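Student: Sequence and predicted structure are below.
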Amino acid sequence: MNTTRILKPAFGNVSHPETVPSSSETFLRDSEMFLRGTETFLRDSEMFLRGAERFLRDSEKFLSDSDMFLNESDLFLSPSEKFFRDTEMFLSDSKAICSDSKVLFESSNAILKGSKELFRGSKALFGGSQTLFKGSKALFGDCKVLFRGSKAICKDSQTFVSLSQTFVEGSQTFVEDSQKFVRDSQTFVRSLQTFARGLQKFVEDSQTFVEDSQMSVEGSQMSVKSPPANGKRIAVLGAGESGTGAAVLAKAKGFDVFVSDASGIKPEYKEMLDARHIRWEEGGHSEAEILSACEIIKSPGIPNTAPLIKKAMERRIPVISEIEFAGRYTNSTMICITGSNGKTTTTRLTYHILQQAGLDVGLAGNVGASLALQVAESPHACYVVELSSFQLDNMYDFRAHIAILLNITPDHLDRYEYKMQNYVESKFRILRNQTPEDAFIYWNDDPVIAAEVALRHPAATCYPFAETRKDGVKGYTENKQLVIDTINGLFIMEQDLLALTGTHNLYNSLASGIAAKITDIQDEKIRASLSDFSGVEHRLEKVARVRGVDYINDSKATNVNSCWYALKSMNTPVVLILGGTDKGNDYAEIEELVAQKVRALIFLGLDNSKLHAFFDGKVPLIEDACSMEEAVSTAYRLSEKGDTVLLSPCCASFDLFANYEDRGKQFKTCVRNL
């Protein structure tokens, strides 16, 4: 509600603005009374002085008469001595009186002069008071004018506020209608897109059927080197798990497929490609062959800034991910998990719950087998898919029926022009194409996620989770119990029974539990699976205890925030092994925990200059290592009984290792060889 403040004059009666201000009148009356009192005092002083002058004259005459009397009374001196002495005493007293009278006269004179000065000052003050009174009258007149103007302004302001409120209400209604229109439009567009994909698939399947029929009638066989009759060619860049799986699915759908890997291809993937008559190359790219494709499926590890990808985009050749391609050929339920940290644990835990409950479920994405390969040769009714930001970047029409966003902290910024918002945009691509029938599960207390959700207004039904109960939160802990509230009912479990410990694992358990409850898994199945899950390799994995020192493998901590969670869970002095390929890391996030908990640092990498620049002088013991064997040997030497040696590198592994799995396995081997 808007409130208009009306300013009142500083004095006077607002109801009767013509009345003279009372404080000025009182002052003037008091001044006039003071002046009259001063005049009376001056008149009385003058009369007193005149009386004093007469007394002095009479006294002088008396003295003169007394002298004459003395002269005439010489004959009577003897008889009159006593009288004479008495007279002398009288004269002496009279002189004293005269002297006092003179002093009184002089004092009265001074008082008279002061009174005259005071009178003149009072007259000046009275003149000033008259001037002030005139000014006050003029000011009061101005105040009356201002008051009238203020009343007019108030009326205009009230009218303006009323009109503004009407405008705001109209604007809100317009915005709400616009938002509804946008949502309806998005739903309509998605429906059209789904229809178009279905129509396209029908046409492609029809073409494939006709071509296969023609080939059967003619008795001809397709050469591995020749494209199919429909002339559609797909190039796959990267022949790892993702690329090989995409090639197998593309071949199964009748495309001419060419696989190209700039490095070497593992033997098992070569066998898969050869068994399905898929052409491939390694050790380089044949640009002409690749750029003649109608579509390119690229490995997540290849950035969009790669020269070959830029050339493809310049020629308007679509570049997509394996997940996007696989999504075209399945109607299975997709439970997709992303986040800067915890996504592998949450993915495997969700898969574990669904699998133990008896669902036909596949594990895909960053973990498990290729989604495209499963869709092609071993399809499931449901998939649990771990998605990195790299995979999300080239997904356009793929739809996650249940999307989980665990957290967003700085990671891979070297891939995103060192702009955090670019990375945030990538993570939020998991919401693309969701409808109100879908679910969006996210960490309510992540400030980045909370800000983006407030801006985006997701179309899916939202299921935020947090450590404690708050308004709107669907998963939380209360009274040492895990509480999950979904459309399928309420799930409650004792927190002490969770297999995974630590705050970060509490969030992972909440996210997986909400997904399972939305999927309508029975409560006892969820409870059992959350209680017996064994964890994830390379994530806070206990390796061994040697000479009273615990060795923990957290090789999957490829960013600073992952290391923060690992250090947070440590309750003993730590010898911390850091290092690898820096991704634009800001180590300030772990600075306080390192100061509190770390006894010694070991930098494992080819270039440790950034680590030294940040940590030198902050930890008593810092040493470098160029291999895992050297790092573990140094940790053994620096640690003391009761310590923990923690491999939590904060960095990618590609400078000294094939991947984080290779790094973790080497760590475990070296520890077991101590």
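Tutor: Looks like it came in fine. Numbering: from 1, shown residues only.
Student: Helices along the stretch 501-650 of the chain, start to end?
Tutor: 503-518, 523-532, 560-568, 588-597, 609-615, 628-638 (DSSP state H, counting those that start in this stretch).
Student: Can you tell me which of those helices is most buried?
Tutor: Burial of these is given as mean neighbour count (mean count of other CB atoms under 10 Å); helix 503-518 ranks first at a mean of 25. Where you see a C-beta, it was placed from the backbone N, CA and C, and this is true even at glycine.
Student: TSV for the helices of the stretch 501-650 of the chain, including distance to Leu49 and mean pLDDT?
Tutor: Listed next are the helices of the stretch 501-650 of the chain as TSV, based on distance: least, CB to CB, whole Å; pLDDT from 0 to 100:
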stretch	distance to Leu49	mean pLDDT
helix 503-518	101	94
helix 523-532	114	95
helix 560-568	100	89
helix 588-597	92	94
helix 609-615	98	94
helix 628-638	110	96
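Student: Figure out which of those is closest to Ala306.
Tutor: Minimum separation from Ala306 across the helices of the stretch 501-650 of the chain (CB to CB) falls at helix 609-615, 25.0 Å.
Student: For that closest one, list the C-alpha coordinates in CSV.
Tutor: Listed next in CSV are the C-alpha coordinates belonging to helix 609-615 (Å, rounded to 0.1, in the frame of the first residue of the first chain):
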residue,chain,number,x,y,z
SER,A,609,53.8,-23.9,-10.5
LYS,A,610,50.2,-22.8,-9.9
LEU,A,611,49.9,-25.0,-6.8
HIS,A,612,53.2,-23.6,-5.4
ALA,A,613,52.1,-20.1,-6.1
PHE,A,614,49.0,-20.6,-4.0
PHE,A,615,50.1,-22.9,-1.2
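Student: Relative to the whole chain's centre, how far out is it?
Tutor: 27 Å (CA atoms, centre = their mean, to the nearest Å).
Student: and that helix, what does it pack onto?
Tutor: Counting contacts by 3 or more CB pairs under 8 Å, 6 or more residues apart in numbering; DSSP states H and E, helix 609-615 packs against helix 588-597, strand 598-604.
Student: Dump the helices of the stretch 501-650 of the chain into TSV; add distance to Gly283 as well.
Tutor: Converted to TSV, these look like this (distance: least, CB to CB, whole Å):
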stretch	distance to Gly283
helix 503-518	40
helix 523-532	45
helix 560-568	34
helix 588-597	40
helix 609-615	32
helix 628-638	28
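Student: so which of these comes closest to Arg547?
Tutor: Closest among those, using CB to CB: helix 628-638, at 7.8 Å.
Student: Let me know the angle separating that closest one from strand 598-604.
Tutor: Angle, helix 628-638 to strand 598-604, by axes from the mean of the first three to the mean of the last three CA atoms, to 10 degrees: 160 degrees.
Student: before we move on, back to that, could you save the helices and strands packed on helix 609-615 as TSV and add columns showing distance to Leu482?
Tutor: Output for those, formatted as TSV (distance: least, CB to CB, whole Å):
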stretch	distance to Leu482
helix 588-597	27
strand 598-604	32
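Student: Quick check: which of these is nearest to Leu273?
Tutor: strand 598-604 (35.6 Å).
Student: Low-confidence regions, the stretch 201-350 of the chain specifically.
Tutor: The stretch 201-350 of the chain contains residues with pLDDT under 70 at 201-231.
Student: Now do the helices in it.
Tutor: 241-252, 267-275, 287-291, 307-314, 322-327, 343-356.
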